[in-house]
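Q: A predicted structure for the sequence below; I have some questions about it.
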Amino acid sequence: MSYLLEETTAYLKTHVAPIANEIDFTPELLQQAFEGLGNLGVLGLRIPTAWGGPSIDSPTFSQFQELIARYSGALAFLQTQHQSASAMLSQSSNTALQQAYLPLMSSGKVKLGIGFSQLRRQGQPTITATAVNGGYHLNGFVPWVTGWEIFDEFIVAATLPDGKAVFGIVPLQTTQQSNGCLEVSSPMSLCGMTATNTVSATLTQWFLPEKQVVFIKPSGWIEQRDRQNPLKASFFALGCAQAGIDVLETAYEKKGFEFIQAAIQAFTTELNQCRDAIGQAEENCNVTLTQQYQLRGWAIELAVRCAHAAVTASSGAANLTHHSAQRVYREALVFTVSGQTTGLMEATLNRLTQPRHSMQGV
């Protein structure tokens, strides 16, 4: 699958990197960049070949995710929603739904998002489902849905009375039914990746027909899913770290200070070490969940340090909203909390509070 990564790299360098700062603020440019990936046929990498996808292996998919994040965090975040939706559909037993969606998802002719992070929240569910004749009635609030006016629909998750969760496809736009409605908020004002048009959605007596159901998962499904491979999202942070190093390279070319070059070498060495450690851990079934969280915490902390270094080396210009260092720093903040669990929060804070240097003797 090296050709896939090579073609994607060429596209990102030519069409995304030169306008990455504009993409971060402009949904239309982000959508164009997303559609460009669709033209390469790389928007459904985990779709089985029987449904028109390449069904690539996990290491190649991780390289792809890191690659996208290096050139545009907004594009990386947007496309991974669609990739997750296609992977979920691939696991469905609803053949009719698979036939209608999957063959068109790699090319982006069908654009599909996700909205199930609310299942991680403690206490009463924010959105519930009640079985009715021919489907389910959904009621409640979906706090995070990315891709408004870019994606056509999204997979929503609602909690059933027995604690299970039903997943189904609903519109990503305000829509009225005869006895129900789905209302989408205005895009949120986020610190970074604002072009992703992240919204919330409120569903009132929304009828989800059985034919639009992707699957039903048992109670605790998302906790089990988060524990299965908490390292997979690390590659966004690694790509962000590389983006910070890229900005350092630009600063060095402009200013020529040897200490900037030294920083580039130190960060590059650590990035390679972190990536190798994560890759080895993914192949080792004996690595504990705590150790996996520690490795992801390292990737997050490294991304933040590389981004901070990019700001430092770019001097006052880094305070400009549309400067590359400013964008990468904001992306590091977003990737810090993306898909966060309590265990990951703890590991990240432990990493951040480790003493690094002593001022004794200064």
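A: Happy to help now that I have it.
Q: tell me the buried residues in the lowest-mean-pLDDT helix or strand in the chain?
A: The least trusted helix or strand in the chain, going by mean pLDDT, DSSP states H and E, turns out to be helix 221-228, with a mean of 88. Under the neighbour-count criterion of 16 or more other C-beta atoms under 10 Å, helix 221-228 has 221, 222, 226 buried. Every residue, glycine included, has its C-beta placed from N, CA and C.
Q: give me the next element, helix or strand, following it.
A: Counting by DSSP states H and E, the next helix or strand C-terminal to helix 221-228 is helix 234-255.
Q: domain map for this protein?
A: Domain ranges of the chain: 2-110, 113-218, 229-352, per automatic domain parsing.
Q: let me see the mean pLDDT of the shortest one.
A: The reference is to domain 113-218. What domain 113-218 shows for mean pLDDT is 96.
Q: again, but for stretch 96-104
A: Average pLDDT, stretch 96-104: 97.
Q: so can I have a markdown table of the domains of the chain showing mean neighbour count?
A: Converted to a markdown table, these look like this (neighbours: other C-beta atoms under 10 Å):
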| stretch | mean neighbour count |
| --- | --- |
| domain 2-110 | 19 |
| domain 113-218 | 18 |
| domain 229-352 | 19 |
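Q: so what's the most centrally placed residue in the chain up against?
A: Note on the chain: the residue nearest the mean C-alpha position is residue 77, at 3.8 Å, using C-alpha atoms, centre = their mean. Residues counted as contacts of residue 77 (C-beta atoms under 8 Å, 6 or more residues apart in numbering) are 146, 193, 196, 236, 334, 338.
Q: repeat that for residue 71.
A: 12, 13, 16, 17, 20, 243.
Q: show me which pair in the residues you listed is furthest apart.
A: 13 and 243 (12.9 Å; C-beta to C-beta).
Q: quick one on the thing from earlier: rebuild the contacts of residue 71 as TSV, extending it with distance to residue 48 and secondary structure.
A: Formatted as TSV, these follow (distance: C-beta to C-beta, whole Å; DSSP: H, G, I helix; E, B strand; the rest coil):
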residue	distance to residue 48	secondary structure
12	26	helix
13	30	helix
16	28	helix
17	32	helix
20	32	helix
243	32	helix
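Q: closest one of those residues to residue 52?
A: Lowest distance from residue 52 to these (C-beta to C-beta) belongs to residue 12, with 23.2 Å.
Q: can I assume that closest one is in contact with residue 69?
A: No - in this structure, residue 12 is not within contact of residue 69 by C-beta atoms under 8 Å, at 10.3 Å.
Q: any residues touching the least confident helix or strand of the chain, and which ones?
A: Contacts to helix 221-228, defined as C-beta under 8 Å, 6+ apart, come from residues 116, 119, 120, 165, 289, 339, 341.
Q: low-scoring pLDDT stretches of the stretch 201-350 of the chain, where are they?
A: Along the stretch 201-350 of the chain, segments meeting pLDDT under 70 are nowhere present.
Q: can you give me the helices in it?
A: Along the stretch 201-350 of the chain, the segments classed as helices by DSSP state H, counting those that start in this stretch run 221-228, 234-255, 258-282, 289-314, 324-337, 342-352.
Q: adding distance to residue 174, write the ones you listed out as JSON lines.
A: Formatted as JSON lines, the helices of the stretch 201-350 of the chain follow (distance: least, C-beta to C-beta, whole Å):
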{"stretch": "helix 221-228", "distance to residue 174": "27"}
{"stretch": "helix 234-255", "distance to residue 174": "30"}
{"stretch": "helix 258-282", "distance to residue 174": "41"}
{"stretch": "helix 289-314", "distance to residue 174": "35"}
{"stretch": "helix 324-337", "distance to residue 174": "26"}
{"stretch": "helix 342-352", "distance to residue 174": "34"}
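Q: can you tell me the helix or strand for residue 109?
A: Going by DSSP H and E, residue 109 is not in any helix or strand.
Q: measure it to residue 102 for me?
A: Going from residue 109 to residue 102 by C-beta to C-beta, to the nearest Å gives 11 Å.
Q: next one: residue 20
A: Remark: distance between residue 20 and residue 102 (C-beta to C-beta) = 30 Å.
Q: try residue 119
A: Between residue 119 and residue 102 the distance is 23 Å, computed by C-beta to C-beta.
Q: now do residue 344
A: Distance, residue 344 to residue 102, using C-beta to C-beta: 31 Å.
Q: can you check residue 151 too?
A: As judged by C-beta to C-beta, residue 151 and residue 102 stand 16 Å apart.
Q: likewise residue 342?
A: Here residue 342 is placed at a distance of 34 Å from residue 102 (C-beta to C-beta).
Q: same deal with residue 336?
A: The gap separating residue 336 from residue 102 is 33 Å, by C-beta to C-beta.
Q: try residue 275
A: 31 Å.
Q: name the element residue 129 belongs to?
A: Applying DSSP H and E as the criterion places residue 129 in strand 127-132.
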